[in-house]
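*Asks:* Build me a model:
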Amino acid sequence: MKLRFLLAVAFLSLFARPLASQTRLPPVTLPDEPVVFNTLNQPQIRVSIVTRGLSHPWGMAFLPDGSILVTERDGHLRIIRDGVLDPEPIPGLPEVFTEARLAGLMDIAIHPRFTDNGFVYLTYTKPTEPRRTVALARGRFDGSALRDVRDIFVADSWGGAVAGSRIVFAPDGTLYMTLGGAFGGRRDVAQDPSAHAGKVLRLRDDGSVPDDNPFVGREGYKPEIFSFGHRNQNGAAIHPETGELWAAEHSTQGGDEVNVILAGRNYGWPLVSYGREYTGGRVAERPWQMAMEQPVVLWVPSIAPSGLTFYTGDRFPNWQGNLFVGGMMTGRVPQTGHLERIVLNQYGEEVRREWLLADLKQRIRDVRQGPDGLLYVLTEENEAALLRIEPVTLQPPAL
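*Replies:* Residues are numbered from 1 along each chain as shown. This is a model prediction of the structure:
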């Protein structure tokens, strides 16, 4: 019932007037002292700065010793040890194309057996001819540098948008890699099975193709494709109970989605959409078609989702199983970024939502659960920060 209501609202919004042009405002400076917020289910939370000084970070990964690797879109890999950002980037990265707004170094993941093999995986914009593309690189991290770095997968070259690349390991050891779709007149490439753009890919940990991928051996289809019909998937995580991939997809004006990614399915872009063009017209004639998947979560207006995680720790008992999605901006209104908490029922359907951190007025690029059971958030600015969210322990009254 909840989803049907949201779909109806979204459909009506297709006929609303386009929003006013966005006004670019300078980023809001975070306070030095921790900030305490009231929430719906957790009595209070405390948000504190782990470190500042990051430049447009994109993704993060926790190492077994508690250190945090952070990618920066300008092609740098940084490490935070004991809450201190190393002033020098980690050497050994491949050449990264950064001369376009949506290009650069993107996501990072460590191998499930990192303690044994030291493998770190990165997605980045690769400067190829005649157009740039996205590559998946793998290297060994020895604590100070990346060694033996090489591309284990390079998508076909298509130019246009090369954002929206996330990497997630599945329970069976395979690797999901999301790829954004092309913009402008080439957006239909998301429906083209002979192209990688606008797809979710499934690979082995060495970049080869699993034999049980849905389109292996099918003429005219890239064998790496797991699902298609996507725009920019800026968040991805494995559901802790089902083992399925969930992905957050950034659409145009409205129509942002969270989808459950299933083998061989078509998620519709750009043939179906709940969003409007940035110029005001409708993206598609209708928001649904037969044989195309519908989202499990939908946003109208857009929140520009980026980063997605399920909470499975014990520090926030009332949040277990909740979905957390970062938002960079609501609609076209600046300084409206926030972290969104989505409560799901036993069937994976949305029950309710809560905005968190909205008063900080930060663009949220990524959210992850740390090994300590706390939540960590990356902001998205020139002078960005890593934030930590922890519960406030209530002191018993004095006798």
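
*Asks:* Could you check how many residues crowd around the residue lying closest to residue 312 once chain neighbours are set aside?
*Replies:* Spatial nearest neighbour of residue 312, chain neighbours left out: residue 240 (4.9 Å); criterion: CB to CB, 6 or more residues apart in numbering. The way it works is simple: take the backbone N, C-alpha and C, and place the C-beta from them, glycine included. Number of residues near residue 240 (other CB atoms under 10 Å) recorded here: 13.

*Asks:* which element is residue 240 on?
*Replies:* Counting by DSSP states H and E, no helix or strand carries residue 240.

*Asks:* Could you tell me which residues make contact with it?
*Replies:* 310, 312, 321 (CB atoms under 8 Å, 6 or more residues apart in numbering).

*Asks:* Filter those residues down to the buried ones and hand me the ChimeraX line.
*Replies:* Listed next is the ChimeraX selection for buried residues among the contacts of residue 240, using 16 or more other CB atoms under 10 Å:
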select :310
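
*Asks:* Could you dump the contacts of residue 240 into a markdown table and include pLDDT, distance to residue 218 and secondary structure?
*Replies:* Listed next are these as a markdown table, based on pLDDT from 0 to 100; distance: CB to CB, whole Å; DSSP: H, G, I helix; E, B strand; the rest coil:
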| residue | pLDDT | distance to residue 218 | secondary structure |
| --- | --- | --- | --- |
| 310 | 99 | 32 | strand |
| 312 | 98 | 36 | coil |
| 321 | 98 | 36 | coil |
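
*Asks:* Just give me the closest of the contacts of residue 240 to residue 116.
*Replies:* Lowest distance from residue 116 to those (CB to CB) belongs to residue 312, with 23.5 Å.

*Asks:* Would you quantify the distance from the closest one to residue 369?
*Replies:* Residue 312 is 7 Å from residue 369, where distance means CB to CB, to the nearest Å.

*Asks:* likewise residue 149?
*Replies:* From residue 149 to residue 369 the distance is 27 Å (CB to CB).

*Asks:* What of residue 341?
*Replies:* Distance, residue 341 to residue 369, using CB to CB: 13 Å.

*Asks:* swap in residue 249?
*Replies:* Look at residue 249 and residue 369: by CB to CB, they are 21 Å apart.

*Asks:* between these two, who's got more neighbours?
*Replies:* residue 249 (26 against 20).

*Asks:* and the helix or strand hosting that one, what does it pack onto?
*Replies:* Element membership for residue 249, per DSSP H and E: strand 245-250. Of the remaining helices and strands, those touching strand 245-250 by 3 or more CB pairs under 8 Å, 6 or more residues apart in numbering; DSSP states H and E are strand 232-238, strand 256-261, strand 305-310.
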